[in-house]
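S.K.: Kindly generate the corresponding structure for this input.
(chains A and B)
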Amino acid sequence: MSERADMTRVQTRQQAAQRGQWRRLPLIENPRLRWGLAIGAVIYLVLALASVEVNWARVAEGAGRAVNFLGAFMQPDFISRYDDIVAGLLESLTMTLTSTVVGVLLAIPVGLGAARNISPLPIYFICRAIIAVSRTFQEIIIAILFVVMFGFGPLAGMITLAFATIGFMAKLLAEDIEDLDWRQVEAVRATGASWWQTMNHAVQPQVMPRLIGLSVYRLDINFRESSVIGIVGAGGIGATLNTSLSRYEYDTSAAILLIIIAIVLLCEYSSSHVRRWTQ
Amino acid sequence: MLTLSGVGKRYPTGDRALTDIELTLPKGQVMALIGPSGAGKSTLIRCVNRLVEPTQGSIRLEGTELTKLSGQKLRQARRSMGMIFQEYALVDRLTVMENVLSGQLGYVGFWRSFLRRYPQEAVVEAFRLLERVGLPHAIDKRADALSGGQRQRVGIARALLQSPKLLLVDEPTASLDPKTSRQIMRLIRELCAERDLAAIINIHDVALAQQFADRIVGLRAGQIVFDGLPSELTSEMLTTIYGEEDWDTTPEPLDDEADDSEASSYQRGLPTMAAGSAR
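M.R.: Just a heads-up that it's a prediction; the model follows:
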């Protein structure tokens, strides 16, 4: 029945096209459904916006504090907490580097296992499960868990970031492997190469530029995350920032935020540079 | 030397790619395998070196049953079958020398290949082969820096470094211009004669097949419909293999006059379009 309707629709479109009348096919064929969905989405958006309460008195009160805070930014104080800031920064950078290296090293086997085209089904499921677990939880939640397990300080932070890195890197690596040029793999297999030799000669050359690029990108992400998870007690510059905020030393906080901005900019610039170079 | 008996392949999707293939290839014979796209030519040669698993029948190479092999034994069998690919299948990001030396992967252990410490004799032989195919100057170039014909020469050197007894050649000229196609076919032909190699060559270009092969096998819908000398391949036979077509007017691919007349007839056929595009 519907097949016949399709046929007639195709015919009417063909006849219209013959007369020079042609319109693009709509995404959703049924006009009632199409307009219903669009109008429904607009109504929901309006209702949702209307339901958000704004306490204007509270906003006015907070505006004064915001002005204080912004004022402090005009005169950041790098000096009076200099030692704390340096210690926090060093801790953060150590955490960033070690967690990235450990995370990437652990992500490579997981990523190989999670690529459907090169690994057997049971291993694929195990590795995909590891990735799913690692990616489900946001860094802060993992950090809270590891702070409980290992106590305050950079160890918890390092493990958190390494754990998050595994999910991120392994997933992207696995997807890259699934997209690779299979002819090159076939050619190397046809020479009588073993599985490991095939990985080294056919897969690695194809994924290496992306792996390096992603590792540098992850280094950059890990630095940013390290300053956030410090707030929940995982050490690093975030902990220093949190302390200064709770002491109302906004000028020191401002100095720390400026340093973080500078380092993130530097990381971003160098990582995009490295990625361009490895292509 | 190579005997296929009762070989069949059914893909998991239910498509029957090959049915009851009976084929014997004596030592030193160059056999061209022709047939329309989807007839099973690629599947057939991939069944021989088990890049595709045949579902029925037996394939014997010098007394060894190939269909039962696995692991180490399969890798050893693959060493004696060099494969040359359509679109070359070189590993793009490796150098020419690394690509040629990957023909040794079946002979050396993982760590030697990982560190690229190939035995001296292998390096000598690899360089000699590169000289033979005319590319000694390109050893340190990346494979993707070469032209199509040059890449196919590297592919041939890689296959020969395996010291094969049999060459499996899959559409060697499909992405090459007519002149380079002939040069590549002539090179394969010469090398087979020098080393007394048998070869199965999948090829679309019937004229090239007739010129360079000792024997032609026609495949249609997974079954052998022709097996004979190049001179026995008549228009009627081509119709049996490929289906109805006016074979006599097929222009000779390399013949300059034929090329010209084809181009002019094209223009004559579409005068208004040509004029339109010129304006």
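S.K.: Could you tell me how many residues sit around the nearest residue to B:I139 once chain neighbours are set aside?
M.R.: In space, and not counting its chain neighbours, B:I139 is closest to B:M97: 4.4 Å by Cβ to Cβ, 6 or more residues apart in numbering or on different chains. In short, each C-beta sits where N, CA and C put it, glycine included. Residues near B:M97, counting by other Cβ atoms under 10 Å in any protein chain shown, number 21.
S.K.: What distance do you get for the residue of chain A found nearest chain B to B:S163?
M.R.: Nearest residue of chain A to chain B, counting by Cβ to the nearest Cβ: A:G192, 2.4 Å away. Applying Cβ to Cβ, to the nearest Å, the value for A:G192 to B:S163 is 11 Å.
S.K.: Between these two, tell me which one has more neighbours.
M.R.: Taking neighbours as other Cβ under 10 Å, A:G192 and B:S163 compare with A:G192 leading, 23 against 15.
S.K.: Could you look up the SS state of the residue nearest to the more buried one when sequence neighbours are not counted?
M.R.: Of all residues not flanking A:G192 in the chain, B:G106 sits nearest, at 2.4 Å (Cβ to Cβ, 6+ apart). Classification of B:G106 by DSSP: H, G, I helix; E, B strand; the rest coil places it in coil.
S.K.: Is it correct that B:G106 is in contact with B:A77?
M.R.: No: shown here, B:G106 and B:A77 do not form a contact pair, counting by Cβ atoms under 8 Å, at 9.3 Å.
S.K.: Now do the shared contacts for those two.
M.R.: A:G192 (Cβ atoms under 8 Å, 6 or more residues apart in numbering or on different chains).
S.K.: where do the contact lists of A:G192 and B:S163 overlap?
M.R.: With Cβ under 8 Å, 6+ apart as the test, A:G192 and B:S163 both reach B:R79.
S.K.: What pLDDT is listed against the residue of chain B at minimum distance from chain A?
M.R.: Of all residues in chain B, the one sitting closest to chain A is B:G106 (2.4 Å; Cβ to the nearest Cβ). With respect to pLDDT, B:G106 scores 90.
S.K.: B:I201 too?
M.R.: 93.
S.K.: how about it, phi and psi?
M.R.: phi -120, psi 110 (degrees, to the nearest 10).
S.K.: same thing with B:D205?
M.R.: Torsion angles at B:D205 (phi, psi; degrees, to the nearest 10) stand at phi -80, psi 100.
S.K.: Quick one: neighbours of it, just the number.
M.R.: 20.
S.K.: B:S181 is in contact with that one, correct?
M.R.: Yes: with contact defined as Cβ under 8 Å, B:D205 reaches B:S181; the gap is 6.9 Å.
S.K.: Now do the shared contacts for the two.
M.R.: Common neighbours of B:D205 and B:S181 (Cβ under 8 Å, 6+ apart) are B:T173.
S.K.: In terms of helix, strand or coil, where does the residue positioned nearest the centre of chain B fall?
M.R.: In chain B, the residue lying closest to the centroid (Cα atoms, centre = their mean) is B:V169, at 1.9 Å. At B:V169 the chain is in strand, as set by three-state DSSP.
S.K.: who's it bridged to?
M.R.: Beta-bridge pairing for B:V169 (DSSP bridges): B:I84, B:I201.
S.K.: mind listing what it touches?
M.R.: B:45, B:83-84, B:188, B:199-202.
S.K.: out of those, who has the most neighbours?
M.R.: Busiest of these [other Cβ under 10 Å] is B:I201, holding 28 neighbours.
S.K.: Confirm for me that it is in contact with B:M31.
M.R.: Yes: with contacts counted by Cβ under 8 Å, B:I201 reaches B:M31, the gap being 6.9 Å.
S.K.: shared neighbours of these two, anything?
M.R.: By the contact definition Cβ under 8 Å, 6+ apart, B:I201 and B:M31 are jointly contacted by B:A213.
S.K.: got any ranges where the chain has weak pLDDT?
M.R.: Picking chain A for this. Scanning chain A for pLDDT under 70 picks out A:1-2, A:279.
S.K.: think we crossed wires, I meant chain B
M.R.: The low-confidence ranges in chain B, as defined by pLDDT under 70, are B:249-279.
S.K.: and the stretch 101-250 of chain B, which of its residues are near chain A?
M.R.: With Cβ under 8 Å from any Cβ of the partner chain as the criterion, the stretch 101-250 of chain B meets chain A at residues B:102-107, B:110, B:113-114, B:155, B:158, B:162, B:168.
S.K.: Max pairwise distance over those residues: which two?
M.R.: B:F114 and B:L168 (26.8 Å; Cβ to Cβ).
S.K.: Give me the phi and psi angles of the residue most central in space within chain A.
M.R.: Centroid check for chain A by Cα atoms, centre = their mean gives A:F168 as the closest residue, at 7.0 Å. The phi and psi values for A:F168, taken as degrees, to the nearest 10, are phi -60, psi -50.
S.K.: again, but for A:T12
M.R.: Dihedral angles for A:T12 - degrees, to the nearest 10 - are phi -60, psi -40.
S.K.: same question, B:R220
M.R.: The phi/psi pair for B:R220 (degrees, to the nearest 10) is phi -140, psi 130.
S.K.: Next to chain B, which bits of the stretch 51-200 of chain A? Give me the list.
M.R.: Applying Cβ under 8 Å from any Cβ, we find that the stretch 51-200 of chain A lies next to chain B at A:181, A:183-184, A:186-194, A:196-197, A:200.
S.K.: List the buried residues in the biggest helix by length in chain B.
M.R.: Scanning chain B for the helix with the most residues, using DSSP state H, yields helix B:178-195. The neighbour-count check on helix B:178-195 (16 or more other Cβ atoms under 10 Å in any protein chain shown) flags B:178, B:180-185, B:187-189, B:191-192 as buried.
S.K.: Then stretch A:263-279?
M.R.: Going by 16+ other Cβ under 10 Å, stretch A:263-279 has these buried residues: A:263, A:267, A:271, A:274-275.
S.K.: same deal with stretch A:78-98?
M.R.: A:81, A:84-85, A:87-89, A:91-92, A:94-96, A:98.
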